[in-house]
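[1] got a sequence here, can you model it:
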Amino acid sequence: MKITRTEFEDRYAAGTLKLALIGMSNIGKSYSGMRLATDFDFTLTEVDKLIWEELGETDMDAFAAWQGQPYSEGYEARERESMRLESAATAKALTTDARNPLLDTTGSVIYANESVLRDLSREWFTVYIEAAPEHLERLQQLYFAQPKPLAWAGHFRMIDGMDETASLKACYPKLLASRHERYAALADHTISSADILVPDNARLFELIKPIA
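    Next up is the predicted model:
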């Protein structure tokens with residue numbers, strides 16, 4: 001939803017602003033969402049939490065363990081089920097009547113069904129937190145240190161001469177590049193992951209607003 005800075009501020013004041021954060025897992029969506037919801041008039045919804053609760057899991061680690069890695073047996077079926085649950089959870093979150101709803105989407109929201117993406121594009125101001133070049137290596141390190149549920153969407157393959165982990169690491173940058181294009185196409189506004197490190201929450205709030 002393309003809006004001007006003035007429209008953003010007017011909707012926020014009226015309590016009708018719908019704001020969604022998109023980007024890779026571990027890029028800082030949850031961190032930014034919590035900061036904005038703490039100091040400003042937003043109602044935060046974490047889609048990942050809705051999914052793991054629907055699965056009967058207790059936290060993100062359990063959700064990740066259930067989904068597994070793309071080389072594990074049954075992964076493709078679990079990925080499909082995860083995406084079905086994600087589309088349903090996101091669709092539910094999009095219908096909220098909360099005051100200034102703030103949506104912390106999953107990293108794979110770009111693979112949600114067409115109706116979900118259409119509603120997100122039409123009714124929500126969507127901010128893409130893009131990985132700064134200096135943060136790309138950190139993203140990979142975080143994923144392999146503490147995996148989160150990740151839809152590979154066909155971007156993983158075993159590479160000759162490499163084991164499963166090495167193949168996974170070799171394919172990860174290609175997944176990031178593919179997702180970047182989809183996030184950018186969905187976004188109404190883009191900020192850098194370096195931007196969200198500003199210590200002042202008021203400054204973060206200004207950064208997520210449209211430029212003009």
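[2] the longest strand seen in the chain pairs with which strands?
    Longest strand in the chain, counting residues (DSSP state E): strand 125-130. If you go by DSSP bridges, strand 125-130 pairs up with strand 19-22 (parallel), strand 189-192 (parallel).
[3] residues near L94, how many?
    20 (other CB atoms under 10 Å). Where C-beta positions appear, they are placed from N, C-alpha and C, glycine not excepted.
[4] and for D195, the neighbour number?
    Residues lying near D195 (other CB under 10 Å) number 17.
[5] now the element after the helix or strand hosting R138, going C-ward?
    If you go by DSSP states H and E, R138 is part of helix 136-145. Once the chain leaves helix 136-145, the next helix or strand it forms, by DSSP H and E, is helix 164-186.
[6] which residues sit against the longest strand of the chain?
    Here strand 125-130 makes contact (CB atoms under 8 Å, 6 or more residues apart in numbering) with 1, 3, 8, 17-23, 27-29, 32, 120, 180, 183-184, 186-193, 196, 208, 210.
[7] same deal with stretch 183-203?
    Contacts for stretch 183-203 (CB under 8 Å, 6+ apart): 1-3, 22-24, 27-28, 31-32, 35-36, 38-40, 109-110, 117, 120-121, 125-132, 134-135, 204, 207-211.
[8] from P173, how far out is the residue of the chain most remote from its centre?
    Here the centre of the chain is the reference, and by CA atoms, centre = their mean the most remote residue is G161, at 33.0 Å. The gap separating G161 from P173 is 18 Å, by CB to CB, to the nearest Å.
[9] now F63
    Counting by CB to CB, the separation of F63 from P173 is 24 Å.
[10] higher neighbour count, the two?
    For F63 versus P173, neighbours defined as other CB under 10 Å are more numerous around F63 (20 against 14).
[11] so what's the more buried one scoring on pLDDT?
    On pLDDT, F63 comes in at 87.
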